[in-house]
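Take a look and give me a structure for this.
(2 chains)
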Number of protein chains: 2
Amino acid sequence: MKAAILKGVHQPIMIEEVPTPEIKEDEVLIEIKSAALNHRDLWIQKGQYAGLKFPIILGSDGAGVIHQVDRQVKNITIGQSVVINPSWYWGSNPKVQSKEYRILGLPDNGTFAQYIKVPAIFVYPKPEHLSFSEAAAYPLAGLTAYRATITRAEVQAGEKVLITGIGGGVAFFAMQFALVRGAEVYVTSSSSEKIEKVMSYGVKAGFNYKSPSWEKEALGYTGGFDAIIDGAAGETFTKLIEVCRPGGRIVFYGGTAGIINNVLPAKVFWKQLTIMGSTMGNDTEFESMLEMIKQYKLIPMISHQFTFDNIQAAFEVMDKGEQFGKIVVNF
Amino acid sequence: MKAAILKGVHQPIMIEEVPTPEIKEDEVLIEIKSAALNHRDLWIQKGQYAGLKFPIILGSDGAGVIHQVDRQVKNITIGQSVVINPSWYWGSNPKVQSKEYRILGLPDNGTFAQYIKVPAIFVYPKPEHLSFSEAAAYPLAGLTAYRATITRAEVQAGEKVLITGIGGGVAFFAMQFALVRGAEVYVTSSSSEKIEKVMSYGVKAGFNYKSPSWEKEALGYTGGFDAIIDGAAGETFTKLIEVCRPGGRIVFYGGTAGIINNVLPAKVFWKQLTIMGSTMGNDTEFESMLEMIKQYKLIPMISHQFTFDNIQAAFEVMDKGEQFGKIVVNF
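Numbering: from 1, shown residues only, chains lettered A, B, ... in the order given. Now for the predicted structure:
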């Protein structure tokens, strides 16, 4: 089969011919129709990730068709259209992943290949209203957004919710899920174009975080937010504490802006704030996310599509940060 | 009546003769038998508190006997022994205090006086097993500890709980409440004497936070904590993140060690931590705290007792940090 192989840090992604995986007990072999990129793939290519191992087939997001099934697997049939949960072996505690936990695409070979073998427990029927490209866009970023927004922040109808950095994949899905929950959604971005775009989805307003006093503007306009979903942390985090309403929640699923400094304890305890870290999600959350996607016929925003042979170009788009929405690779 | 009057920042507390308060609708007049000090009183004397107003009778904690009752007040009778909830006008949202919220002892005249007028809704029967001195030790610090430990951290039986700075009043009560919940309780302190003392209450072990690697010792000994109750924040906060178990909670009710810096976002989100600020508590929490005190016949630790005329000496003990337990003033 054809696969996109990464042989070392800072190496290009090479398309090569490798043996098709052989399934074992309780596994299925999926013919990948579409895969999607995540920052994780880029960070691994750059060596900025723990537990590196080469050569590796990257890719956490994939949708395709069942090609072969171990005889012990029930309820999955050859020819079925499926999507893969990339959050493997979460374990029995819904609050936190187990020590066996791993994300598809390192150390296990991922979705950037013609075929992938996957334990049947991580395979779900593709929502019928989604194309393979669309279905491949959801898994990792959608699951992260679902847990952060629904499980952790527990966003409720009528609440004011701020989603920061709306250009990001997780942020966009967090916006979708908060909107279907009936929340009043606001965003931040450095791009007025992106803000305008998401207002067509039902977002009330956006604030440009490059403006030095965006937090005052946001506070004046909204009176503060009941919940904030953030992926940046860093310097701006203290501003999130400012714009969070008393009794509110801040959930962060990433730290692209780095270390958090200058937090005044009294601002947090006097306002009775709850600050939560969140990453990925458990099996129940993946299933609930698919239910929500089906119920509300949600569709992802896809920024760029490439053919599989052009996957290195997809990595370059992500590296330049040119995308708004997911970058998808199709066979 | 005699009252302890503070006339301005950095002034001594003066015992003076002032008019006995006149009760209005729905109020009761309480003859104070015992009052207790809190850091708040000292911070107000030093001018380190918002909304200063002089002259003021300080004091948030008090227990005494009902002397006079407005005719509209039901279920409170003259001669009844009572304790005062110092957490006034919390409001209807259990998650956070309202804009009308205030703490007894500023702006309203407090418990450092022979008599105090109090809205009847903030008056509760004194637990019978407690003396007036003991009952006066609980209200502010106990309520803060109850909300932080029981409502916010939701400490459960069998969990490993770390209480930092066990010398403090809130920390001691947090320890009591966590122990009756059936938690396995650990503490930090700079004093091995204090650690030994609380081990006689059922604490498993203590760690000296002046040791530069106490967090490694704690992690090695316990494997990490499910919940941490902290009143310091500051530099040490990142160590609390280290010793908190994946999926755990850190609640802080104060920030005596100042600003929080150097928080690595990935440490928080990968461990799925929840960090909560908490201060004081609502009416239901005050009532539940009294229930817990009665059910388990809890008794506070009293460090120093003074006669009312000697209240300035009580302030000096607190200023020097010589106490371990509450400082009580008796009439």
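
what secondary structure does A:Ala63 sit in?
Following DSSP: H, G, I helix; E, B strand; the rest coil, the label given to A:Ala63 is strand.

got the contact list for the residue nearest in space to the middle of chain A?
Nearest residue to the geometric centre of chain A (CA atoms, centre = their mean): A:Ala141, 0.9 Å. Contacts for A:Ala141 were tallied using CB atoms under 8 Å, 6 or more residues apart in numbering or on different chains; they are A:38, A:61, A:168-170, A:172-173, A:326. Every C-beta, even on glycine, is put in place using the N, C-alpha and C of the backbone.

and the residue of the stretch 101-250 of chain A nearest chain B?
A:Gly247 (3.3 Å; CB to the nearest CB).

ok, that residue to A:Phe122 distance?
In this view, A:Gly247 and A:Phe122 are 37 Å apart by CB to CB, to the nearest Å.

higher neighbour count, the two?
Neighbours were counted for A:Gly247 and for A:Phe122 using other CB atoms under 10 Å in any protein chain shown; A:Phe122 has more, 20 against 15.

show me what contacts the more buried one?
Shown in contact with A:Phe122 (CB under 8 Å, 6+ apart): A:84-88, A:104.

Any chance of the backbone angles for it?
phi -100, psi 10 (degrees, to the nearest 10).

Which residues of chain A lie near chain B?
A:93, A:95-97, A:233-234, A:246-247, A:252-255, A:258-279 (CB under 8 Å from any CB of the partner chain).

Which one (most neighbours) among the contacts of A:Phe122?
Busiest of the contacts of A:Phe122 [other CB under 10 Å] is A:Ile84, holding 31 neighbours.

Counting neighbours, what do you get for whichever residue of the stretch 1-150 of chain A sits closest to chain B?
In the stretch 1-150 of chain A, the residue that lies nearest chain B is A:Val96 (3.2 Å; CB to the nearest CB). For A:Val96, the number of neighbouring residues by other CB under 10 Å comes to 18.

pLDDT value on it, please?
Model confidence at A:Val96, expressed as pLDDT, equals 98.

Over to A:Pro212?
89.

Check the secondary structure at it for me.
What three-state DSSP gives for A:Pro212 is coil.

isn't A:Ala3 right up against A:Ile13?
No. With contacts counted by CB atoms under 8 Å, A:Ala3 stays clear of A:Ile13, the gap being 9.9 Å.

how does chain A divide up, domain by domain?
A:2-138+A:300-330, A:143-277 (automatic domain parsing).

so A:Ile293 sits in a strand?
No. Note on A:Ile293: no strand contains this position according to three-state DSSP, which reports helix.

Can you give me the neighbour number for the residue nearest to it when sequence neighbours are not counted?
Closest residue in space to A:Ile293, ignoring its immediate chain neighbours: A:Pro127 at 5.3 Å, by CB to CB, 6 or more residues apart in numbering or on different chains. By other CB under 10 Å, 21 other residues sit near A:Pro127.

How about A:Gly79?
Around A:Gly79 there are 8 other residues, counting by other CB under 10 Å.

cool, A:Ser92 as well?
A:Ser92 has 6 neighbours, counted by other CB under 10 Å.

got a list of what it touches?
A:Ser98.

And A:Pro21, by the same measure?
A:29, A:109, A:115-117.

Could you rank those residues by neighbour count and give me the top one?
Of the contacts of A:Pro21, with other CB under 10 Å as the count, A:Ile116 tops at 29 neighbours.

what about it, which helix or strand?
Here A:Ile116, judged by DSSP states H and E, is contained in strand A:115-119.

And A:Ile311, by the same measure?
Taking DSSP H and E as the definition, A:Ile311 sits inside helix A:311-320.

helices or strands next to the helix or strand following that helix in the packing?
Next helix or strand after helix A:311-320 toward the C-terminus (DSSP H and E): strand A:326-330. Packed against strand A:326-330 by the contact rule (3 or more CB pairs under 8 Å, 6 or more residues apart in numbering or on different chains; DSSP states H and E) you find strand A:27-36, helix A:132-137, strand A:302-307, helix A:311-320.

Show me the helices in chain A, by range?
Secondary structure of chain A (DSSP state H): helices at A:39-45, A:132-137, A:139-146, A:169-180, A:192-199, A:214-222, A:237-243, A:265-270, A:283-295, A:311-320.
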